[in-house]
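Asker: Give me coordinates for this.
(2 chains)
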Amino acid sequence: MIEIEHVLKTYRGHTALHDLTLSIPEGRIFGLLGPNGAGKTTLLRLIMGVLRPDAGTIRLFGGLAPGVLEATRRIGYMPQQLALYEGLSVRENVLFFGRMYGLGGAALAARADEVLQRVELTARQSSLAGTLSGGMMRRAMLASALVHGPRLLILDEPTAGVDPLLRLRFWDWFRQLAAEGITVLVTTHHISEASHCSEVLFLREGHILERGRPADLIARYGTADLEAAFVQATQRALPEAAALMNGEGQP
Amino acid sequence: MRVMGWIAWRVILEIVRDRRTLAFFFLVPVLVMSLVYLALFQDETARIAVLARGAARLFVYDLERALEKQKDVVLVPLDIPDDERDPQKLRTDIEAALRAGQADGVLYFEESLLAERFAGKRGTLHLYLEGSRPTLTGLVASAVGDATDDLAAALPVVIDSDCSAKCANSVNVKPLEVAKHYLYGSEDYRLIDFFLPVLLPFFVFFLTFILSNITFQRERVRGTLERLLIAPLALPQVVLGYMTGFLLFSVPQAGIVLVFLLALIGFPVSAAQVISLCAIALLMLLIALLLGLLVSFAARNEFQAVQFIPLVILPQIFFSDMIWSIDRFAAPFRWFAMLLPLTHANIATRDVMLKHQALWQTWPHLLALLAMAGVVLLLLSWVGRRHRDRVG
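Answerer: Numbering: from 1, shown residues only, chains lettered A, B, ... in the order given. Reported below is the predicted structural model:
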């Protein structure tokens, strides 16, 4: 589904991604984990074709370059911000984004019904987006990212500011989507919730620290949860981080 | 009190750290004030040419000296053959010179002037006026009026039948009559008639630019613009989509301005002129929209976007031929003026409204506006790409 080989990306002398090689199979929930500035969003933008790598190659859907129309049409994106048109209703937002991906007519209306039902917003579909709570807005954003039937769903911090119960619901939906064959690429710095992913990648300062299934990583580091495993991985890779942790009385 | 201090500290720190905003903060007023100074500093000067035929040439020297004493006028030569005597041909040549912008007024002494004076009449001077610029027309008329008073003293004295030769030199000097001929407009043109038509392109530009600048800035902050840029769309599709949406509001808005102006304008306006005005306004709408988008992309935050508004709008008020004629500016400023879209829109509007030209006759200005729209679109795609890179 996504093949990344030796990708390097720098911004004004700062290297955001160092020689990154990665393969993401279809129908998985793939978590990109790391603190702010780890390179997660840069990697997402490279995959979407918004940015171009300084070196290396990225191939999507069996050989398409990022940014080409064929690839862009198959990608759904949900950014970190509450990026909805507040003056439009939930349904109008979903329909608008569907039209931006070339959908229309009865097919679009049916798709809108389907995705609104999936995120449980059918009852609020006529409400103006600006009047919704943060959690509802996130659900509406997910619906508008799904309306054109993407094969790759890119979610940048999709559960930021969402209450714990709804957060669990979101992960249910992601699992359903993966079961339908959609690849879900999700970034989060809430590392504990990434245990819902089929596979995760620990990123730190543009380097891959670790990759594997959450349960395997927890077992490998002998920790209680994924967050502790991430801390261990960081300490091993970056001695200065370990020193900092130890100085603060951490194990 | 302490809280107030901390709030001030926070504001100062944030502005100081945003170097571009800081530069804008101080550069914008300096730049704008310099432009105001340059615009106001240069006095308007009208150009007058003097033509005489036959014996009337004897008095050209006196009249030219009298005109030279007048403020805000300069004498210019005209390329009209000295021996041309056919009054119709002469009139055509004078009008051609005025149309070509060689002078703002031409004072013509007919051969018959002296004969009229000797016959005891006041004698008539003919003043041909370009007429589309009330300030210049006013300067020419006033300078000629004052100069002819002086000239009348130098001309042969006209003696009334009831006045003896003795009194002639002291009191009995009759003023010359000045017959005015307008190339454009008439004596009824008011100063306001000159300004009213160009308010349409100005308002269209001003309001659409602000609307587009703020809308895109809002979309950028909200993240919806990013979603659009990531969708399988070409930038021109996005721009044209926005333009169509804005048109629905900008066109009626321009219509309201137009109706208001037509009600105030003191001369009759034809349907063709209204259609031409609408076409010019539409072009301004396109440029304002594109510029608003460009500025919105170039600005890194709302603060910078707002600072761009005076930077884009004010030079166009002072240097676009709207209030002051660009002809009187030094060459570099005239070139600068020609880079401003409103200059071309204003010239085209006045050509249509005051000079009764057909829209196609203003093609150099329409072409300039289209070329500017093209350049802004190119810049937009470049800045758009940079913007997308910066988002990352």
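Asker: for the stretch 51-200 of chain A, what spans make up the strands?
Answerer: Using DSSP state E, counting those that start in this stretch, the strands of the stretch 51-200 of chain A run over residues A:55-60, A:75-78, A:152-156, A:183-188, A:199-204.
Asker: Let me know the pLDDT of the nearest residue to residue A:161 once chain neighbours are set aside.
Answerer: Nearest residue to residue A:161, sequence neighbours excluded (Cβ to Cβ, 6 or more residues apart in numbering or on different chains): residue A:134, at 5.0 Å. From N, CA and C alone the C-beta is placed, and that goes for glycine too. Looking at residue A:134, its pLDDT is 89.
Asker: ok, residue A:134 to residue B:46 distance?
Answerer: 67 Å (Cβ to Cβ, to the nearest Å).
Asker: Who has more neighbours out of those two?
Answerer: For residue A:134 versus residue B:46, neighbours defined as other Cβ atoms under 10 Å in any protein chain shown are more numerous around residue B:46 (27 against 13).
Asker: out of the strands of the stretch 51-200 of chain A, nearest to chain B?
Answerer: strand A:75-78 (5.4 Å; Cβ to the nearest Cβ).
Asker: just checking, what packs against the closest one?
Answerer: Packed against strand A:75-78, as judged by 3 or more Cβ pairs under 8 Å, 6 or more residues apart in numbering or on different chains; DSSP states H and E, are the following elements: helix A:40-48, helix A:134-146, strand A:152-156, helix B:224-230.
Asker: all helices for the stretch 101-250 of chain B, in order.
Answerer: B:112-118, B:134-154, B:165-168, B:191-222, B:224-230, B:235-264 (DSSP state H, counting those that start in this stretch).
Asker: Hmm, residue B:68 and residue B:48 touching each other?
Answerer: No - Residue B:48 is not in contact with residue B:68 according to Cβ atoms under 8 Å; the separation is 9.9 Å.
Asker: which residues do those two both contact?
Answerer: residue B:75 (Cβ atoms under 8 Å, 6 or more residues apart in numbering or on different chains).
Asker: Please say which of those two ends up with more neighbours.
Answerer: Neighbour totals were compared for residue B:48 and residue B:68, and residue B:48 leads with 24 against 13 (other Cβ under 10 Å).
Asker: Return the residues in contact with the more buried one.
Answerer: So residue B:48 contacts B:67, B:73-76, B:103-107, B:140, B:143-144 (Cβ under 8 Å, 6+ apart).
Asker: confidence score at it?
Answerer: Residue B:48 is given a pLDDT of 90.
Asker: pretty sure it is in a helix, no?
Answerer: No - Residue B:48: not assigned to a helix; according to DSSP: H, G, I helix; E, B strand; the rest coil it is strand.
Asker: quick one: low-confidence ranges for the chain?
Answerer: Just so you know, I chose chain A. Applying pLDDT under 70 to chain A flags the ranges A:238-251.
Asker: ah, no, chain B please
Answerer: B:1, B:39-43, B:82, B:120, B:153-174, B:328, B:384-392.
Asker: I figured residue A:28 was touching residue A:181, is that so?
Answerer: No - Residue A:28 lies out of contact with residue A:181 (Cβ under 8 Å); the separation is 10.0 Å.
Asker: Residue 225 - nearest residue in space that isn't next to it in sequence?
Answerer: Chain wasn't specified; assuming chain A. residue A:192 (5.9 Å).
Asker: hmm, I had chain B in mind actually
Answerer: That would be residue B:219: by Cβ to Cβ, 6+ apart, it lies 4.1 Å from residue B:225.
Asker: Relative to residue A:87, how far out is that neighbour?
Answerer: From residue B:219 to residue A:87 the distance is 12 Å (Cβ to Cβ).
Asker: more crowded one of these two?
Answerer: Using other Cβ under 10 Å, the more surrounded residue of residue B:219 and residue A:87 is residue B:219, with 18 against 10.
Asker: Test my guess that that one contacts residue B:213.
Answerer: No - Residue B:219 is beyond contact range of residue B:213, at 11.2 Å (criterion: Cβ under 8 Å).
Asker: wait, what's in contact with the closest residue in space to residue B:265 that isn't next to it in sequence?
Answerer: Distances taken as Cβ to Cβ, 6+ apart put residue B:196 closest to residue B:265, at 5.2 Å, once the chain neighbours are dropped. For residue B:196, the contact set (Cβ under 8 Å, 6+ apart) comprises B:261, B:264-265.
Asker: one step back: mean neighbour count for the strands of the stretch 51-200 of chain A - can I get that in JSON lines?
Answerer: Output for the strands of the stretch 51-200 of chain A, formatted as JSON lines (neighbours: other Cβ atoms under 10 Å in any protein chain shown):
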{"stretch": "strand A:55-60", "mean neighbour count": "18"}
{"stretch": "strand A:75-78", "mean neighbour count": "24"}
{"stretch": "strand A:152-156", "mean neighbour count": "23"}
{"stretch": "strand A:183-188", "mean neighbour count": "25"}
{"stretch": "strand A:199-204", "mean neighbour count": "23"}
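Asker: Nearest to residue B:283, out of the ones you listed?
Answerer: Nearest of the strands of the stretch 51-200 of chain A to residue B:283, taken as Cβ to Cβ: strand A:75-78 at 35.9 Å.
Asker: how about the helices of the stretch 1-150 of chain A, start to end?
Answerer: Going by DSSP H, counting those that start in this stretch, the stretch 1-150 of chain A shows helices at A:40-48, A:69-72, A:90-100, A:105-118, A:134-146.
Asker: ok, and does the second one reach over to chain B?
Answerer: Spelled out, it's helix A:69-72. Yes - Helix A:69-72 reaches chain B (Cβ under 8 Å from any Cβ of the partner chain) through A:69, A:72.
Asker: ok, and what's touching that helix?
Answerer: A:48-49, A:60-61, A:64-65, B:230-232.
Asker: Now that helix - C-alpha only, CSV.
Answerer: C-alpha atoms of helix A:69-72 as CSV (Å, rounded to 0.1, in the frame of the first residue of the first chain):
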residue,chain,number,x,y,z
LEU,A,69,-4.6,12.7,-9.1
GLU,A,70,-5.0,9.0,-9.1
ALA,A,71,-3.4,8.7,-5.7
THR,A,72,-4.9,11.9,-4.3
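Asker: What residues sit buried inside that helix?
Answerer: Buried residues in helix A:69-72, counted by 16 or more other Cβ atoms under 10 Å in any protein chain shown: A:71-72.
Asker: Get me the contact residues on chain A for chain B.
Answerer: A:11, A:16, A:41-42, A:45, A:48, A:50-51, A:69, A:72-73, A:75, A:77, A:79-86, A:97, A:100-102.
Asker: thinking residue B:212 is in contact with residue B:285, fair?
Answerer: No - in this structure, residue B:212 is not within contact of residue B:285 by Cβ under 8 Å, at 9.6 Å.
Asker: Now do stretch A:2-22: everything it contacts.
Answerer: A:23-24, A:39, A:42-43, A:46-47, A:51, A:53-60, A:152, A:183, A:185, A:201, A:206-208, A:211, B:392.
Asker: ok, now stretch B:371-387?
Answerer: Contacts of stretch B:371-387 (Cβ under 8 Å, 6+ apart): B:229, B:235-236, B:239, B:283, B:286-287, B:290-291, B:293-294, B:297-298, B:341, B:344.
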